[in-house]
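A.B. asks: coords please:
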Amino acid sequence: MSWQDWENSYMAFRAFFDGGVTILRSVDELLPLCHKFDGYATFQGALVYPETVEALKRFINRYGDLMEATDIASSFSRCTALRALGLVLHGIDTMQLLDITDHKLLCWRDAICEAMISGFRVESLLKLVKDLARAVFGARAIHNMQLSRDSDEVKAAADTLHIKQQELENQRREMHALLLAKGISANSAECVTEAAVRLSSGASFVLFRHSP
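C.D. replies: Below you'll find the model as predicted:
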């Protein structure tokens with residue numbers, strides 16, 4: 001696939017993503033392949049899949065109680081929406097970029113939009129999925145470059161960036177652990193660590209870091 005083909009593919013996907021055509025037919029489509037049902041867990045008064053609880057907690061800890069709303073029509077719709085959102089977050093948290101299909105991205109989008117209709121304030125999650133789509137297509141481009149003999153310099157640069165990112169993430173974890181060891185709360189430690197990572201880039205990068 002040429003660069004032009006890749007770009008055309010990505011732009012076509014973005015147009016479809018923004019077009020609003022519904023793909024998701026059932027929450028079951030959000031379940032991982034070979035999912036083994038093992039009952040439900042209770043999360044904020046709703047029954048969700050047990051494996052999704054940690055992802056839900058991490059999302060709320062990072063972005064706040066965006067899933068809480070006072071005008072949700074019924075406990076049934078609240079339960080269904082939280083269950084679907086948990087599956088979206090679990091998928092984002094566990095799937096490798098190259099394993100995420102266009103269909104999966106669109107199903108995640110539909111689940112989030114349905115939750116928003118039900119009264120959940122998860123616009124930020126919709127934005128994150130749209131940004132994730134860009135990363136997915138970028139991963140496909142890198143994979144395509146690795147199969148091409150004409151992109152050695154680009155591949156080398158991508159490999160170097162990947163190594164630097166891993167080093168940065170390790171340093172981030174070390175700083176976060178150090179702050180926790182000093183008795184700083186997890187929330188405050190996350191804020192300080194985030195600021196340290198973004199400090200040299202300025203405030204605008206903090207606000208628009210997900211933008212292309």
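
A.B. asks: center of the protein, which residue is that?
C.D. replies: residue 92 (4.6 Å; CA atoms, centre = their mean).

A.B. asks: and it, what is it in contact with?
C.D. replies: Residues near residue 92 by CB atoms under 8 Å, 6 or more residues apart in numbering: 55, 108, 128-129, 132. Bear in mind the C-beta positions are built from the backbone N, C-alpha and C, glycine included.

A.B. asks: Next one: it from residue 59, what distance?
C.D. replies: Distance, residue 92 to residue 59, using CB to CB, to the nearest Å: 9 Å.

A.B. asks: same check, this time on residue 33
C.D. replies: 23 Å.

A.B. asks: Of the two, give the one with the bigger neighbour count.
C.D. replies: Each of residue 33 and residue 59 has its neighbours counted (other CB atoms under 10 Å); residue 59 has more, 22 against 4.

A.B. asks: now the strands: where do they sit in the chain?
C.D. replies: All strands of the chain, identified by DSSP state E, fall at 41-43, 46-48.

A.B. asks: From the chain's centroid, how far away is the last one?
C.D. replies: Computed by CA atoms, centre = their mean, to the nearest Å, the separation of strand 46-48 from the middle of its chain amounts to 21 Å.

A.B. asks: same question, the first one
C.D. replies: Centroid separation between strand 41-43 and its chain, computed with CA atoms, centre = their mean, is 21 Å.
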